[in-house]
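>>> Following is a predicted model, sequence given first.
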Amino acid sequence: MNTAAASQQSFTDNPIEVRKFEPDTSQVSEYYFDNDPFKTHFMNAMSITFPEGERYFLRSVLAYREEISDPKLHEEIQQFCAQEAQHSLVHMKLNESPKHFGYPMDEIEAFVAKMLRARTAAGKKSAAWRRYNLAVTVCLEHFTAVLANQVLKKPEVMFDGLDPAIRSLYQWHAVEEIEHRAVAFDVYKATGGSGLVLRLVMLTTSLMFLFSSLRITYILLRKRGHTKRLSTWKSGLRYLFLPPQGMLFRVLPDWLTFFLPGFHPSKYHCDLDTTAVLHEVGQYLRPADSV
């Protein structure tokens, strides 16, 4: 790597701050999202993947740490990992709530863990797998940034009927996803990752993410027999797909920016008022030095 390239590998122009978040989920009801089984369990399905998913992300990024020469990017990798570790811990606590109602959270998380740890193990033996793991991380970091943008810009759409404590958790999570949205991408580019490969991985990863989320949602819904009710699937169709409010319909234009020439995460989601959101959820925040 030449000196000019080594001098700047980070293109993040915002601070990445590690915060401790302590949600109070003791009073969360079984159907905490608008008293709607589908919306609740789709959110549970995403939450259940976060603890192991975040660990997979940090392992995938750290696998390239020795190839990074920019001290600024090194510092951002450290902050990225610290934030992701906090997200894992908080979602582990959130996932305790559905367990109290008899849902098989441990079994599903064990399956997710086995799959993702196998990918990491393959990356230790194969450069192609190691590159693939980082590419998947970059793609899912874009996906979470796109969702975070919706959380912060249109909370009334994203959170109508959501339990206040869980709403605060996702607002905090969204802020930190926006802050570190470019770190994995910068590591990927600094270590010679291919843009074409990255875009192909985005297509497959997005489909896999949607499929796995819906599969877990189905497992959770089946526990109470909701899979046999037409109302369940009508709700899911409206919530995810139907315009103008369907979640996946609303994020599609933002998701597509990934395929534009010259895409970089730092060019997007720069106009979000994260200060106001952090003030709103301040009752759950603790000093950074307590992390």
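On my side now, so go ahead. Residues are numbered from 1 along each chain as shown.

>>> list the contacts for the residue nearest to residue 56 when sequence neighbours are not counted?
Take residue 56 and drop its neighbours on the chain: the residue closest to it by Cβ to Cβ, 6 or more residues apart in numbering is residue 116, 4.2 Å away. To be clear about C-beta, it is placed using only N, CA and C from the backbone, and glycine gets the same treatment. Going by Cβ atoms under 8 Å, 6 or more residues apart in numbering, residue 116 touches 52-53, 55-56.

>>> what's the closest of those to residue 146?
Distance to residue 146, by Cβ to Cβ, is smallest for residue 53 among the contacts of residue 116, at 15.8 Å.

>>> re the thing from before, mind checking which of the contacts of residue 116 land in strands?
Judged by DSSP state E, strands contain none of these.

>>> Any chance of CSV for the residues you listed, columns pLDDT?
What follows is the contacts of residue 116, written out as CSV (pLDDT from 0 to 100):
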residue, pLDDT
52, 97
53, 97
55, 98
56, 98
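
>>> quick revisit: tell me the spacing between the residue nearest to residue 56 and residue 43.
20 Å (Cβ to Cβ, to the nearest Å).

>>> Need the max-distance pair from the contacts of residue 116.
Across the contacts of residue 116 (Cβ to Cβ), the longest gap, 7.2 Å, separates 53 and 55.

>>> In terms of neighbours, single out the busier of these two.
More neighbours surround residue 53 than the other of residue 53 and residue 55, with 22 against 19 (other Cβ atoms under 10 Å).

>>> Can you verify my assumption that that one contacts residue 140?
Yes - the pair residue 53 and residue 140 passes the contact test of Cβ atoms under 8 Å, sitting 7.3 Å apart.

>>> coming back round to it: mind checking which of the contacts of residue 116 are in helices?
Among the contacts of residue 116, DSSP state H puts 52-53, 55-56 in helices.

>>> closest to residue 272 among the residues you listed?
Nearest member of the ones in helices among the contacts of residue 116 to residue 272, counting by Cβ to Cβ, is residue 53, at 22.7 Å.
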